[in-house]
Every structure is written in C-alpha cells, then in structure tokens.
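Colleague: prediction below, plus the sequence it came from.
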Amino acid sequence: MTAADTATVETHCPYCALQCGMGLRPTTGVDGPAVEVVERPDFPVNRGALCGKGRTASELLAPGARLVSPLVRDPDTGELVPAGWDTALDRVAEGLRRAGAVYGRDAVGVFGGGGLTNEKAYALGKFARVVLGTSQIDYNGRFCMSSAAAAQGRAFGLDRGLPFPLADVARTGCVLLVGSNLAETMPPALRYLTELKENGGRLIVVDPRRTRTAEQADLHLAPRPGTDLALALGLLHLVVAEGRVDEEFVAGRTRGWPAARAAAMAHWPEQVERLTGIPVPQLREAVRMFCDAPSSMVLTARGPEQQAKGTDTVGAWINLCLATGRAGRELSGYGCLTGQGNGQGGREHGQKADQLPGYRRLDDPAARRHVAAVWGVDPDALPGPGRSAYELLDALGGDVRALLLMGSNPVVSAPHAAHVEERIRALDFLAVADVVLSETAALADVVLPVAQWAEETGTTTNLEGRVLLRRRALDPPPGVRTDLAVLGGLAARLGHPVGFPTEPAEVFEELRRASAGGPADYSGITYARLAAGDGVFWPCPAERADAAGTAPAPEAAARAGAQVASAATAAAAPEAAARAVTGAQAVGGDPVGLPVHPGTPRLFLERFATPDGRARFVPVTHRPADEEADAGYPVVLTTGRVLAQYQSGAQTRRVAALNAAEPGPYVELHPRLADRLGVADGEPVAVVSRRGRAVAPARVSPAIRPDTVFMPFHWPGEGRANSLTNPALDPVSRMPEFKVCAVRIERLER
Ligand code: SF4
C-alpha cells in the first residue's frame, strides 16, 4: 500500500533531518482511531524508503507511550499528580512571573528544541522576547550543528546545511564524508552514496570507527578523535605541494588565501601523520581522489563539529573546498548533514540566543526594527543576545531561577549531564512541555502534555533547506494541547492576550512576514504551495517570479552577506536572480497559473552571500583537544548514535521494536585494548572521566581504533554517556566538546 490511497495523509517522519516522506493511513487501534505508516515513493528525498524509526513512528501516538494529562508537583508529597489545564497553566505563569519579578527578567530562561516545527520555534522565540522579555533563550540545536553553521557563515556569508539538493551527492565525482555514520543515523540517505559509486564516483569516509558507512568507502581514514582539523590542514598542504590549487577560482571568487595557505603549509604531512595516526600515503591517496574527480564535495556531521574547535575544524574543510575550486559550482561544495528533524528550521526562526526570525542577527538594529514591527513592539524593548545552551543550563539555579523547556531532554543529552541535572534540580521553578515524561520532565514542577507530529500541522525545514509541510492526520488525545496553545495560554495569563495565535497556518503567515528580507527568507512560501508539491528551498523571497521568470528581490542575498559582515550598505547582489536561472526547480503548483518563484535549491553558483560576493578563507591551525589522553585517563571517548535509537531516546526507548533492537548502552573497544585490560565481550565495564562514571557492557570490535572507545548516548542512568562528556566550548559557536574526552576503563568486581 502506498500514500496514494485517498484516505492516507501525506506527511513527514517525526525524527531526523532527512524528514522522509511517509503516508499515514487511518486504522483502528485498541484505544480508538489510529494511523499506520505507509510508504510514499513519490517524495524525492527518500523515495519511499524509511528506516526502522520511521516505520514504527505511529507507535509514538498510542496513549500508553505518552502523557495525556498535565501534571503538577504536589507540595505535600513531592509527587507529580494529574491536574487540569487551567491549574497547570496558572502554575506555570505564576512560576515564571515570580522569578522575573523577584530576580529580574533574565532570571527566566527558555530552552527549545531542534524537533520543534518552524511555527513553534518562531512562537517560542517571540514568547521569550515579547512576553517574558528575557534574553535567556537557546535550544538543543546548539549541541548539533552550530559549529558548521558558524563556519559557513564566516566563509560563505550564509549558513544553509546543504547548499544543494541531496540528489547532487549521487552525481558528483567524489564525496569526502567527515564524521558521519549516515548508514545508521539516516539510512535512506545511504542510497545517494551507493548511486555515487554506481555512477563511477569515489567515496572517502573519515571516522575513527569503521562504521557501516565507512565500510562503503573507497578509502577510509580513521583519525584519532579531535584531530580532524589537522587532517584537513594536512590535505590542504598536499594540495598546495602537489600543485592542485585552482588558482583561477581562488583569485576570482575568494579572499584571504595567502594567510590560509601559510597556515596549511605549517602542517607537514609527517606531522599530520603523527597527530592523526593516518599514514602519509593515505593522505596522498585522499588528495588524489578528491582532486582528480571532475567535481567533489565535503560533507561533515557531528564528528568534526562537536568539538571545542569545531568552527575552525569545519573551516579547515571549507578551505580545502575553496582552494581546490570545489565550492560555488555545480555538483561541488561543502555541506553539513544536520541531525535533528527541524535542526535547520529550528535555528532560523528565533529560538537561538543570538537570532531573530529569518536567520537575522539579534544585534542588528535593522533586523530588530523589522521584526519588532511585525510583532507590534518597540525594538528598543527587545532584549539582546543571551547565553548559549550549555551556558544557560550551567546558570540554572544561579542567575536563572525559572525555566520553560519545550521539546528537549538535557538530563540525557547535555554534556556533563550530572552537573546539568544538578543545576536543573536547583531551579526555583521548572515547566516542561513534552509528549512523554522524559528524564527532564520528571524533575519539573509542572508538565504540560503536548500534541506531536501527526496530531498537528506545521512546517519543518530539512537538511537541504527544503521547507516541508507536516500534516495533521488524527486528533490528539483528550487532555493534550498543542505547544502553540500552551504559549497562547501562557501569554494571555502573563498579560499578552493577543499576538499569540494558536493555529499553525496563522503563525506561519506571521513568520513569513518576519522572515521577509532576511537570509532565510520564507516570504514566498505558502501552505498552499507546500501542500501542492515536494517542498520549497529557501530563500524564496516572493510568491511569484517576475515576468522574466527571475526572482524579484535580488537584495536578499546582499542582506544575507550583511548578516555576517555587519555591512549595512552591502552591495546589491544579483545572486537571487542568478539562482533563479541556475538553480531553479519549479516546485508545486500555482493556483492562478502565474509563474511561481522557484525557491533556491542551489546557493552560491554565481556569488557567495558576502557583501562582495567572494568566499572567505579563514586561516586556522591545529590545536589539541581540551582534554588529551594522559596517564590517569589514557583512552579517548567518543560518542554517537545507533540505528534503532534517536537523540536522548525519550521517544525511541518507548517503541518496543526499537528497544528490542538496541536495548541499552555499550562500550565499544578494540580487541587489543580489551586484551590489555582483561575485558571480555559482554562484560560490564566502568568508563571514568574527570566528570563522572558510566557503566555498560563491553562490545569488543576491531572496527574502532585501539586508543579510542565509543558509547552511544541515548540512555539515562548508570549507562549515561553524557555523564562523561566535556562541556568545554568552541569560542565561536559555543558548541561543547561531545566528541573527545579522556577516560579510563575499569573492570568491575565480578
Ligand atoms: Fe525518519 Fe530519519 Fe529514518 Fe527517514 S532516516 S525514516 S527521517 S528517522
């Protein structure tokens, strides 16, 4: 059966950033109306393929797996007990109001999530700044791809995860995939790499583990964790030494090459071999594959990004693309494989500490004026930038006394999680809006049960920058409200009776106006258009193209450049017009038969989004991880995801088939390390870092470096990998160093 059945609702998966298309067909469950997942072969990104998480996603909707009543903490017993919505919302409003009144507005924090729809992310940011008047808002996407976003902004003047459609990956000549195990994190995307190879292209995978993705590679480079930056510099050194720089591209489309070149030339291949553990001949082979191909791409994910030097690390990979002329050209470029379902859109519409809707900067006076006019408030009354996600969590119980948290579970997913849990417990007041009683929600004073993906309409923006419509397929259970209704109810109680619509379509209309003219311009995107097609790539600055078929608002690109360079007088850029010609793919239909603006599938083909249209090399140099292995902690821990679980596991741990497939954490270690420690496969071991301890069974495997251990991070309790991880922050993106920390392995007494 497919989504072509008339009663089947076409929508998208609730989990990762691929946002696979799927159908939801009505059925009858034990508790009443339900839906079942069916394939949707017509949607171009996944062409019907779904991973186990997507196939079982309808189980999340069953009453047994989720909250169906607000909960408030009983002051006498200390237990969470069911309550009515009025009681719960009154308590939340009072908790937030009291903290602001006693300690000041910035004593109230807001923490969002990369799974929230665009409408929710937008409303949450507006709620924080207009109703609460607080600067203290950030979201868990800071832990996801913020380093890549910062590096792209620095180099290209604009961050959109992939500046090209995923389909281009199958058609390029060589893909250099750094720190991504997409065979497990987004399996349907693996087919693009398979097709790449079928088309004669080459695949290089950089990963300290021989993952299922690395097994597909023509060349697998396994660097010591935390040395990806050195690896990129070593490759760039060889590019220069072997005369493979694209001098014409560098001269015509970039700035800053001499300093970046000098930085790379200071990293000799032999030195890079010592740092990374990758032999020089493999470095040369990688350069040969990358440069011999007629076109090539670098794609990064959390491996190089979740480091305290993540921005510079991604910057080094971008420098490699620029020096070889593999950026801003058809089938070439740098891209980031964003992780969370709406990790892309979630960072564009105002729940980030330093951003306003449309991916505008909060410290840009023109941006403040524009958004304040849409919101009907005084721009001077809007707060300034606040703390980043970890810094906000670290301040709980200190400067920040009350927190409203939506769609995130930092007790499991934040670095140095025991400390974060302690800070959450130190709050005067915590309210959590979530679908399930997550480990963080269990600590709340009030828990608000909210509707989820298939129970409400909304938009997400996938890793390609493709804006999609998720449709409502069934009613939420009685006792459950939407996040938008929660914000509307709180706004009314806190003295803002208007301005917080609860209908997603209404919020999206406002979002369109707020984003108009910004780097992430959604003003030309409508629900009707999304409903009629396969999504629209932003920027889409007008509903219709002009009579010549080109975009009518070319200044959007110049404004995108102004975001990074703070140049209010950025030169008008013809990029939007060029994009309409070179990257146009008409998507969807136009109800009145006029040409629609095509959106922008491919960025930078004619110019980058900087004021002068040229990309920027940023000179970067290798530096050690914040915490290197030493005598006390001789092994490096790296963390990641597994096929059957997702993020903090709050949803997937409640799905029987997924739990059966991957029921708990483990510690992957090499047989040589296991022998040295006397550890047998399956034996429980303790992993100890400077911050904590986690216990899980050993999984002995030759697929990992002997100096490295791996733990998935989906579980709470004694196997919580984030009890160990290092909250050292990248100075630019404020990304924590999830991917590298020093540990020792201890055998447990039998
Ligand atoms: Fe859902 Fe991602 Fe799996 Fe696709 S790959 S079905 S979006 S979890």
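Modeller: Received, thanks. Numbers count the residues shown, from 1 in each chain.

Colleague: can you pull the contacts of residue 744?
Modeller: The neighbours of residue 744, taking Cβ atoms under 8 Å, 6 or more residues apart in numbering as the test, are 632-635, 687-688. All C-beta atoms are positioned from the backbone trio N, CA, C, and that covers glycine.

Colleague: what's the closest of those residues to residue 251?
Modeller: Distance to residue 251, by Cβ to Cβ, is smallest for residue 635 among the contacts of residue 744, at 46.1 Å.

Colleague: how near is that closest one to the ligand?
Modeller: Counting by Cβ to the nearest ligand atom, to the nearest Å, the separation of residue 635 from the ligand is 31 Å.

Colleague: residue contacts, residue 661?
Modeller: 52, 643-644.

Colleague: for these, which ChimeraX command selects only the ones that are buried?
Modeller: Applying 16 or more other Cβ atoms under 10 Å to the contacts of residue 661, the buried members can be selected in ChimeraX as follows:
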select :52,643,644
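
Colleague: please identify the buried residues of stretch 73-81?
Modeller: Residues of stretch 73-81 classed as buried by neighbour count (16+ other Cβ under 10 Å): 73, 80.

Colleague: can you give me the helices for the stretch 151-300 of the chain?
Modeller: Remark: helices assigned in the stretch 151-300 of the chain by DSSP state H, counting those that start in this stretch are 182-185, 190-198, 228-241, 247-253, 257-265, 269-276, 280-292.

Colleague: between the contacts of residue 744, which is closest to residue 30?
Modeller: The nearest member of the contacts of residue 744 to residue 30, counting by Cβ to Cβ, is residue 687 at 41.2 Å.

Colleague: what's the nearest residue in the chain when you look at the ligand?
Modeller: Residue nearest to the ligand within the chain: residue 54 (2.4 Å; Cβ to the nearest ligand atom).

Colleague: element containing that residue, please.
Modeller: Using DSSP states H and E, residue 54 sits in helix 52-55.

Colleague: ok, residue 685 next?
Modeller: Assigning secondary structure by DSSP H and E places residue 685 in strand 684-688.

Colleague: need the contact partners of that strand.
Modeller: Contact with strand 684-688 is made by 633, 637, 667, 677, 679, 693-698, 709, 711, 724, 743-748, as judged by Cβ under 8 Å, 6+ apart.

Colleague: and the next element down the chain from the lowest-mean-pLDDT helix or strand in the chain?
Modeller: In the chain, no helix or strand scores lower on mean pLDDT, DSSP states H and E than helix 575-582, which sits at a mean of 32. Downstream of helix 575-582, the first helix or strand assigned by DSSP H and E is strand 615-616.

Colleague: who's in contact with the most centrally placed residue in the chain?
Modeller: Closest to where the C-alpha atoms of the chain average out (Cα atoms, centre = their mean) is residue 343, at 3.5 Å. Contact analysis of residue 343 by Cβ under 8 Å, 6+ apart lists 17, 114, 141, 144-145, 161, 463.

Colleague: re earlier: tell me the helix or strand right after the helix holding residue 54.
Modeller: Next in line after helix 52-55, if elements are assigned by DSSP H and E, sits strand 71-73.

Colleague: not counting sequence-adjacent ones, nearest residue to residue 604?
Modeller: The shortest distance from residue 604 to any non-neighbouring residue, by Cβ to Cβ, 6 or more residues apart in numbering, is to residue 328 (4.0 Å).

Colleague: just residue 57 next, same as before
Modeller: residue 14 (5.5 Å).

Colleague: for residue 127, same thing?
Modeller: residue 487 (4.9 Å).

Colleague: look at that neighbour and report its pLDDT.
Modeller: Looking at residue 487, its pLDDT is 98.

Colleague: give the rounded mean pLDDT of the helix or strand that comes right after the strand holding residue 685.
Modeller: Counting by DSSP H and E, the next helix or strand C-terminal to strand 684-688 is strand 693-700. The average of the pLDDT scores along strand 693-700 is 98.

Colleague: next, the angle from strand 693-700 to strand 684-688.
Modeller: Put simply, strand 693-700 runs at 130 degrees to strand 684-688, going by axes from the mean of the first three to the mean of the last three Cα atoms, to 10 degrees.

Colleague: strand partners (parallel or antiparallel) of strand 693-700?
Modeller: When pairing is defined by DSSP bridges, strand 693-700 lines up against strand 667-669 (parallel), strand 684-688 (antiparallel).

Colleague: just name the most buried of the ones you listed.
Modeller: Sort these by mean neighbour count, taking mean count of other Cβ atoms under 10 Å, and strand 667-669 sits at the top with a mean of 24.

Colleague: hang on, residue 603 packs against residue 164?
Modeller: Yes: with contact defined as Cβ atoms under 8 Å, residue 603 counts as touching residue 164 (7.5 Å).

Colleague: what sits closest to residue 477 if chain neighbours are left out?
Modeller: Per Cβ to Cβ, 6+ apart, closest to residue 477 is residue 68, 4.9 Å.

Colleague: which residues touch the one you found?
Modeller: If you count contacts by Cβ under 8 Å, 6+ apart, residue 68 has them with 449, 477-480.

Colleague: which of these has the most neighbours?
Modeller: Compared across the contacts of residue 68, residue 449 has the highest neighbour count, 27 neighbours, by other Cβ atoms under 10 Å.

Colleague: just checking, that residue is part of a helix?
Modeller: No: secondary structure of residue 449 (DSSP: H, G, I helix; E, B strand; the rest coil): strand, not part of a helix.

Colleague: return the residues in contact with it.
Modeller: Taking Cβ under 8 Å, 6+ apart, we find residue 449 in contact with 66-71, 434-435, 479-481.

Colleague: among those residues, which one has the lowest pLDDT?
Modeller: Comparing pLDDT over the contacts of residue 449, the lowest reading goes to residue 66, 91.

Colleague: how many other residues sit next to it?
Modeller: Counted with other Cβ under 10 Å, residues neighbouring residue 66 total 21.

Colleague: same deal with residue 652?
Modeller: For residue 652, the count of nearby residues is 25 (other Cβ under 10 Å).

Colleague: I'd say residue 621 and residue 271 touch.
Modeller: No: taking contacts as Cβ under 8 Å, residue 621 lies outside contact range of residue 271: 11.6 Å.
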